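Trainee: sequence and predicted structure are below.
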Amino acid sequence: MLFSVIIPVYNRPLEIKELLESLTLQTYKNFEVIIIEDGSLFTCEDILGQFASDLNLSYFFVENMGQGFARNYGMRHAKGDYFVLFDSDCIIPSQYFEILSTAIISGKLDAHGGPDAADQNFSHFQKAINYSMTSLLTTGGIRGKLKDPATYQARGYNMGLSKLAFKKSGGFKDPNKAEDIELSIRLKKMGFRLELIEEAFVYHKRKNTWKSFFKQSFSFGENRINVSRFHPDAVKFIHLMPSAFFLGWMIILFSYFVFKPLFFLGGAVYALWMFLVLLEATLHNRSISVGILSVFTSFSQLSLYGAGMITEGIRKRIKG
């Protein structure tokens, strides 16, 4: 099986170097790599020359169109039987394509998604963000720890689909607004088999600052509502939990002035949750610093995701 690796890049030339270095170490070698420079001011073209002898590389520069449409562009120029999509800030474990090939064949998959993880050499902040995105105490494990892999909604940083699935679906249609989740839902409704491959994980080396992390978390909440424009069933009960989390602590703060028993009882519940986050993140990462940071990233991620959902939901209702 020939894989086509599709990577959109926007002003991140140094990131692409780490990603390509990890691809040279793959145990499964039958793949091509297609780089789509999405209107960048700082291009990665010069860096690609370092890998010309180690990888089957193709490079395209396009006017900025958003990562979803850039991925579509790459897939239209791909030669492989199966397209694998990565974000430019990912690092790929050496066994990835070997695991993927086996899973696709044995599971007769038309598409897949994989989880993300934090490598040991990541910064404390990167590890804390990864925890807040993946823990059962924060996202309920919907990004990579599911009992039924067929319920997974793939994310663009680590997903793939067959050439046939791309041709039939047309690929992404709403870039930069959870287009990956929308495509996942649409592929399943079209009858294609998409599952989580838990062992096919990537190291997601996010370059967030606190400000960009806050903005991203809020937009994730907005985008979940946006997907419901195409698929009304896209919002499940578990997706409402961050909104309940956000409203809960807002009500608890207000209750201090009107009903203090609720303030102390509710505060104790949130304090217990914070302690569990601190404990789990500390043990998982073997670092109290990561544990403390994880309390802040987890609280922020849930609150801002919930606020984003509420805001976009109100906006959608006002627009009718």
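Mentor: Perfect, thanks for sending it. Numbering: from 1, shown residues only.
Trainee: how does the protein divide up, domain by domain?
Mentor: Residue ranges of the domains in the chain are recorded as 3-114+152-207, 226-319, according to automatic domain parsing.
Trainee: highest mean neighbour count out of these?
Mentor: When those are scored by mean count of other Cβ atoms under 10 Å, the highest mean neighbour count falls to domain 3-114+152-207 (a mean of 19). The C-beta positions use only the backbone N, C-alpha and C, and glycine is treated the same way.
Trainee: before we move on, the earlier item: and the domains of the chain as TSV, adding mean pLDDT and distance to F218?
Mentor: What follows is the domains of the chain, written out as TSV (pLDDT from 0 to 100; distance: least, Cβ to Cβ, whole Å):
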stretch	mean pLDDT	distance to F218
domain 3-114+152-207	94	13
domain 226-319	94	4
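Trainee: how about those, which one is nearest T138?
Mentor: Of all these, it is domain 226-319 that lies closest to T138, at 4.8 Å by Cβ to Cβ.
Trainee: how about M159: which residues does it bridge to?
Mentor: Beta-bridge partners recorded for M159 (DSSP bridges): L85, G113.
Trainee: quick one: it and N11, what's the gap?
Mentor: Counting by Cβ to Cβ, to the nearest Å, the gap from M159 to N11 is 23 Å.
Trainee: before we move on, what about G191?
Mentor: 38 Å.
Trainee: ok, now D87?
Mentor: Noted for D87: a distance of 13 Å to N11, by Cβ to Cβ.
Trainee: check Q301 too.
Mentor: Distance, Q301 to N11, using Cβ to Cβ: 25 Å.
Trainee: swap in Y256?
Mentor: Going from Y256 to N11 by Cβ to Cβ gives 45 Å.
Trainee: what of I129?
Mentor: Separation of I129 from N11 (Cβ to Cβ) stands at 20 Å.
Trainee: could you pull out the helices for the stretch 201-320 of the chain?
Mentor: Assigned by DSSP state H, counting those that start in this stretch, the helices in the stretch 201-320 of the chain fall at 210-227, 237-258, 260-285, 288-319.
Trainee: surely L304 meets G221?
Mentor: Yes: with contacts counted by Cβ atoms under 8 Å, L304 reaches G221, the gap being 6.8 Å.
Trainee: before we move on, the earlier item: can you add distance to G171 and give the helices of the stretch 201-320 of the chain back as a markdown table?
Mentor: Compiled in a markdown table, those are given as follows (distance: least, Cβ to Cβ, whole Å):
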| stretch | distance to G171 |
| --- | --- |
| helix 210-227 | 16 |
| helix 237-258 | 24 |
| helix 260-285 | 36 |
| helix 288-319 | 24 |
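Trainee: now for those helices, which one comes closest to Y203?
Mentor: So among these, helix 260-285 is nearest, using Cβ to Cβ, at 14.0 Å.
Trainee: nearest residue to the residue nearest the centre of the chain in space, please, no chain neighbours.
Mentor: Against the mean C-alpha coordinate of the chain, by Cα atoms, centre = their mean, the closest residue is R155 at 4.5 Å. Of all residues not flanking R155 in the chain, D180 sits nearest, at 5.2 Å (Cβ to Cβ, 6 or more residues apart in numbering).
Trainee: please report phi then psi for I7.
Mentor: For I7, the backbone dihedrals are phi -130, psi 110 (criterion: degrees, to the nearest 10).
Trainee: name the element the closest residue to I238 other than its chain neighbours belongs to?
Mentor: Nearest residue to I238, sequence neighbours excluded (Cβ to Cβ, 6+ apart): G140, at 5.2 Å. Taking DSSP states H and E as the definition, one finds G140 inside no helix or strand.
Trainee: hmm, G140 is touching H239, no?
Mentor: No: counting by Cβ under 8 Å, G140 does not reach H239; the two are 9.4 Å apart.
Trainee: ends of stretch 167-174, what's the gap?
Mentor: Across stretch 167-174, the terminal residues are separated by 17 Å (Cα to Cα, to the nearest Å).
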